[in-house]
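# missing the sequence, but the structure's below:
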């Protein structure tokens, strides 16, 4: 068990003391006596509050450390994720059995099943109309993460994926002609023919990534050919959803706006599901999707998952009751389509307005529907095997939550979540900016009135003085410390960007690209076709160090925001470097 950082403890102590609420005192006592398990399960229920300001202060106290993955708790977060995998599989098995009679239209034991069958036929019709015909071709692409055999960080770059032997499930081999003419396979066949025949894999492999202090998130890593084509299919479904009013590219911002309005008007309910992607069972997809679409997706899915059971030992293969998991290239789009179709047909059944994008919004498992149909939809979802996340579902409440936006009577009340203990200047800058955003967000309690300035100054104490002088606007993300304009570290004029341009001093990450010369000419050409720059690929989450630089404000003054205030220093630096806006 890693002890809690003393530097961070001083920051948290100042934060909780200055919040000065009973809940903050509770959190402070739990930290003082090392009751970490109780701390991460502490929760501020918005139903117990009348005003957004009071709720927000208690929410800061309870949520600030809840997602910190390295707290000294006794919880085996990986074991919780494995247990969740089998719990979801059990649920999918039960749902598959319940849905089995509907696959062949009977025999039914209850007369009410006839009405259910008719409802499912209408849902299937909506899916068929939304999806339309199968695409004539699939334009595959590489994802940013690992594949079944490409495991290490250095193996996830596109050139390495191109030159390594592909992996594929046996059912998906029939789709190899779709990738045979790609730059990927042309490079293999011309220079590495011994690797051009994909290695057969039974399915995907299970692993976990950090989610919060109480549990990890279980994901499954797919074979390389499967994920290459899964991403292509996901892109097609995404385009078809856009035609009916669901734009997944803008979905998060739309959901936040609607949730904010709903917290004032009470018109909409926000619904969130637990383990949604892991509980989309095989028979439900077979029931709802047109036959040719189901066959395509079923061919590309992994039928088995390899994982270790509790207690360790050799990994074993598990036959999947779910249709696809997190890590599959089309899971997000598929679950969006499933939940959208169920919501639309439920609304029509009840006679509730059901215009997609005006009355019904779906983004993955984040669902927003009119209040009058919310209870009925939850019942439909439950019958289809989906469990509602009660902590994140709000029907008749002044509080709404969707896509990372929390709103109470029209006020934004989402706190800052510390993901890991700060260990360098860049991570302390990120924490300082997060605390400042908590005090300046639109919850109608301004920075001067939210008493957390002392915690902000204690964070700054951990940043070296020369780096601490890097101050600027929030649009530059975590490349510098956000502060009032009179304290910005900037120069006007005298630069290559022009005499009227202000440049800001920043603390930027340095990522060393892998030279393309390490790879064969055919691999280099194929990598260029997939968007790899001539300077070479950069490994995901790889930062070799930090250094000072400068960035101009001119683009920002033209109304173009380069960076989101929520992105971390690493990603911000990557965007900065890619846009060639920073200089050493």
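It's in. Keep in mind it's a predicted model, so treat the numbers as computed, not measured.

# Check which helices and strands the helix ranked longest in the chain sits against.
Counting residues, the longest helix found in the chain (DSSP state H) is helix 77-103. With contacts defined as 3 or more C-beta pairs under 8 Å, 6 or more residues apart in numbering; DSSP states H and E, the packing partners of helix 77-103 are helix 112-131, strand 204-210, strand 216-221, helix 282-288, strand 304-307. The way it works is simple: take the backbone N, C-alpha and C, and place the C-beta from them, glycine included.

# Pipe the ones you listed into TSV and attach mean pLDDT, mean neighbour count and distance to residue 361 per row.
Formatted as TSV, the helices and strands packed on helix 77-103 follow (pLDDT from 0 to 100; neighbours: other C-beta atoms under 10 Å; distance: least, C-beta to C-beta, whole Å):
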stretch	mean pLDDT	mean neighbour count	distance to residue 361
helix 112-131	95	16	15
strand 204-210	94	20	27
strand 216-221	94	22	24
helix 282-288	97	22	19
strand 304-307	96	20	32
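
# wait, which of the ones you listed is closest to residue 147?
strand 216-221 (6.4 Å; C-beta to C-beta).

# what angle sits between whichever helix or strand comes after that closest one and helix 112-131?
Remark: after strand 216-221, the chain's next helix or strand is helix 224-243, criterion DSSP states H and E. Interaxial angle, helix 224-243 versus helix 112-131 (axes from the mean of the first three to the mean of the last three C-alpha atoms, to 10 degrees): 90 degrees.

# Tell me which residues of helix 224-243 come out buried.
Within helix 224-243, the residues that count as buried by 16 or more other C-beta atoms under 10 Å are 224-238, 240-241.

# what does stretch 520-540 give?
The neighbour-count check on stretch 520-540 (16+ other C-beta under 10 Å) flags 520, 522-527, 530, 532, 536-539 as buried.

# Output the residues you listed as JSON lines; include the columns distance to residue 196.
Supplementary listing: the buried residues of stretch 520-540 in JSON lines, determined by distance: C-beta to C-beta, whole Å:
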{"residue": "520", "distance to residue 196": "13"}
{"residue": "522", "distance to residue 196": "12"}
{"residue": "523", "distance to residue 196": "13"}
{"residue": "524", "distance to residue 196": "18"}
{"residue": "525", "distance to residue 196": "16"}
{"residue": "526", "distance to residue 196": "13"}
{"residue": "527", "distance to residue 196": "17"}
{"residue": "530", "distance to residue 196": "17"}
{"residue": "532", "distance to residue 196": "20"}
{"residue": "536", "distance to residue 196": "24"}
{"residue": "537", "distance to residue 196": "22"}
{"residue": "538", "distance to residue 196": "27"}
{"residue": "539", "distance to residue 196": "25"}
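
# From the residues you listed, pick the one nearest residue 436.
Using C-beta to C-beta, residue 538 comes nearest to residue 436 of those, at 29.2 Å.

# my read: residue 546 touches residue 511, true?
No - using C-beta atoms under 8 Å, residue 546 is not in contact with residue 511; the gap is 10.5 Å.

# And the strands in the stretch 251-400 of the chain?
For the stretch 251-400 of the chain, strands defined by DSSP state E, counting those that start in this stretch occupy the ranges 268-274, 304-307, 316-319, 361-363, 366-370, 387-388, 399-402.

# For residue 467, which of the ones you listed is the nearest?
Residue 467 lies closest to strand 399-402 among the strands of the stretch 251-400 of the chain, at 35.5 Å (C-beta to C-beta).

# Now do whatever helix or strand comes next after the closest one: distance to the chain's middle.
The element immediately downstream of strand 399-402 (helix or strand, assigned by DSSP H and E) is strand 405-408. Chain-centre distance of strand 405-408: 18 Å, with C-alpha atoms, centre = their mean, to the nearest Å.

# What pairs with the helix or strand that strand 405-408 is followed by, parallel or antiparallel?
Per DSSP H and E, the first helix or strand lying C-terminal to strand 405-408 is strand 411-412. Each strand paired with strand 411-412, and its direction, by DSSP bridges: strand 405-408 (antiparallel).

# Please point out which parts of the strand it pairs with sit buried.
Neighbour counts using 16+ other C-beta under 10 Å place 405-408 of strand 405-408 among the buried residues.

# likewise stretch 102-109?
Residues of stretch 102-109 classed as buried by neighbour count (16+ other C-beta under 10 Å): residue 102.

# Quick one: mean pLDDT for that stretch?
If you average the pLDDT over stretch 102-109, you get 84.

# Ok, stretch 464-478 next?
Averaging pLDDT along stretch 464-478 gives 93.

# go on, stretch 165-182?
Averaged across stretch 165-182, the pLDDT comes to 95.

# which of the residues in that stretch are buried?
Buried residues in stretch 165-182, counted by 16+ other C-beta under 10 Å: 166-169, 172, 175, 178-179, 182.

# how about the residue nearest to residue 391 when sequence neighbours are not counted, secondary structure?
Spatial nearest neighbour of residue 391, chain neighbours left out: residue 43 (7.1 Å); criterion: C-beta to C-beta, 6 or more residues apart in numbering. Secondary structure, DSSP: H, G, I helix; E, B strand; the rest coil: residue 43 is coil.

# Surely residue 43 touches residue 392?
No - in this structure residue 43 lies outside contact range of residue 392 using C-beta under 8 Å: 11.2 Å.

# between these two, who's got more neighbours?
A side-by-side neighbour count of residue 43 and residue 392, using other C-beta atoms under 10 Å, places residue 392 first with 16 against 12.

# before we move on, the earlier item: between the buried residues of stretch 165-182, which sits nearest residue 91?
Closest to residue 91, out of all of the buried residues of stretch 165-182 and judged by C-beta to C-beta, is residue 169, at 23.9 Å.

# what pairs with that closest one across the strands?
As for beta bridges, residue 169 partners with residue 201 under DSSP bridges.

# what's the distance between the longest helix of the chain and the middle of its chain?
Taking C-alpha atoms, centre = their mean, one finds the center of helix 77-103 at 22 Å from the center of the full chain.

# all helices of the stretch 301-450 of the chain, in order?
Ranges of helices in the stretch 301-450 of the chain, per DSSP state H, counting those that start in this stretch, are 331-350, 371-383, 425-440.

# Could I get the buried residue list for the shortest one?
What it means is helix 371-383. Residues of helix 371-383 classed as buried by neighbour count (16+ other C-beta under 10 Å): 371, 373-374, 377-378, 380-381.

# wait, what's in contact with residue 101?
Residue 101 makes contacts with 107-109, 113, as judged by C-beta atoms under 8 Å, 6 or more residues apart in numbering.
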